[in-house]
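whatever this is, show me its structure:
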Amino acid sequence: MQTAVRAVAMTGRGRVREGNEDAVLVFGWFTQSSEPAVVDLRAQPSRTVLCAVADGMGGHAAGEVASATALVTAADRYLAWTTPGETAAGLVDINAELYDLANRGVETSGMGTTIAGVLVAADHAVCFNIGDSRVYDITRGTLTQLTVDDAVTGGLTQALGDPPDPGPVPHVLELPLSTPTRLFLCTDGISSVLDPGTLHNLCRIPDPVALVDTLRTTVYGLGAPDNLTAVVLDIP
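Residues are numbered from 1 along each chain as shown. The predicted model follows:
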């Protein structure tokens with residue numbers, strides 16, 4: 001029986017983009033790797049842990065800075081996010097700080113990032129997002145989106161890095177953990193490339209390493225036109 005919280009993660013720049021503006025954070029491990037290596041990580045369930053993905057945007061390397069800043073800052077603060085309300089407030093604070101950072105120089109002006117993540121505590125999880133990066137429940141092999149897309153045709157309706165007045169409104173959902181749970185996090189480099197039926201079928205793969213590896217192979221087979229990031233999170 002699995003006793004540790006397990007996460008299998010991957011991020012990469014894809015076949016078209018010059019760099020990787022996506023970022024992934026799992027149990028304190030962070031990367032923006034260009035090459036999509038699959039990493040298998042574990043954490044003890046006795047402590048609160050955080051998994052999150054981010055998809056940065058902006059000129060030059062600004063998107064990379066935005067996504068990294070958002071996730072590293074969240075990693076420093078998430079232990080204080082003990083309720084959905086505190087989680088939302090924490091994201092609002094990160095937004096204001098990211099907006100301030102963006103306005104300090106021409107290179108970072110206008111930068112922003114999506115974020116989607118899961119806080120896992122002893123008896124519950126908190127799922128959150130801003131933008132169109134997603135969290136799904138795939139516990140029973142059925143794909144159920146838990147996050148809300150802040151997107152319309154042609155762009156995002158809100159993101160981290162927006163002007164703080166009024167600022168973005170985070171989507172936060174508390175999940176009870178009474179049975180083993182499998183969640184799936186991804187950026188739109190996966191969700192916009194794979195049609196829902198294909199994604200649903202792939203998420204039925206029982207082994208998390210094989211699941212992430214197959215997602216990577218399938219997206220690359222379709223040209224991998226965007227940065228891509230995926231995390232399969234198994235909670236005992």
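
residue 14 belongs to a helix?
No. The assignment for residue 14, made by DSSP: H, G, I helix; E, B strand; the rest coil, is coil rather than a helix.

name the nearest residue to it, sequence neighbours excluded.
Counting by CB to CB, 6 or more residues apart in numbering, the nearest residue to residue 14 once its immediate chain neighbours are dropped is residue 224, at 3.6 Å. Backbone N, C-alpha and C define where each C-beta goes, glycine included.

list the buried residues for the longest helix along the chain?
Longest helix in the chain by number of residues (criterion: DSSP state H): helix 84-102. For helix 84-102, the neighbour count (16 or more other CB atoms under 10 Å) marks 84, 86-88, 90-92, 94-99, 101-102 as buried.

the spatially most central residue of the chain sits in which helix or strand?
Per CA atoms, centre = their mean, the C-alpha nearest to the average position across the chain is that of residue 53, at 2.1 Å. Taking DSSP states H and E as the definition, residue 53 sits inside strand 49-57.

could I get that strand in PDB with only the CA atoms?
Below are the C-alpha coordinates for strand 49-57, written out as PDB (Å, rounded to 0.1, in the frame of the first residue of the first chain):
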ATOM      1  CA  VAL A  49       3.000  19.800   0.700                       C
ATOM      2  CA  LEU A  50       2.500  21.900  -2.500                       C
ATOM      3  CA  CYS A  51       2.500  20.900  -6.200                       C
ATOM      4  CA  ALA A  52       1.900  23.700  -8.800                       C
ATOM      5  CA  VAL A  53       2.500  24.500 -12.400                       C
ATOM      6  CA  ALA A  54       2.800  27.900 -14.100                       C
ATOM      7  CA  ASP A  55       2.800  29.200 -17.700                       C
ATOM      8  CA  GLY A  56       4.500  32.500 -18.100                       C
ATOM      9  CA  MET A  57       4.000  35.200 -20.700                       C
END
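
partner strands of that strand, parallel or antiparallel?
strand 22-26 (antiparallel), strand 112-113 (antiparallel), strand 115-120 (antiparallel) (DSSP bridges).

in TSV: the ones you listed, plus mean neighbour count and distance to residue 147.
Formatted as TSV, the strands paired with strand 49-57 follow (neighbours: other CB atoms under 10 Å; distance: least, CB to CB, whole Å):
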stretch	mean neighbour count	distance to residue 147
strand 22-26	29	16
strand 112-113	28	15
strand 115-120	27	6
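
between these, which one is closest to residue 158.
Within the strands paired with strand 49-57, the stretch nearest residue 158 is strand 112-113; the backing value is 9.2 Å (CB to CB).

re the thing from before, so can I have JSON lines of the strands paired with strand 49-57 showing mean pLDDT and distance to residue 234?
Formatted as JSON lines, the strands paired with strand 49-57 follow (pLDDT from 0 to 100; distance: least, CB to CB, whole Å):
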{"stretch": "strand 22-26", "mean pLDDT": "98", "distance to residue 234": "12"}
{"stretch": "strand 112-113", "mean pLDDT": "96", "distance to residue 234": "26"}
{"stretch": "strand 115-120", "mean pLDDT": "98", "distance to residue 234": "10"}
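
for residue 189, find the nearest of those.
Residue 189 lies closest, by CB to CB, to one member of these: strand 22-26, at 6.7 Å.
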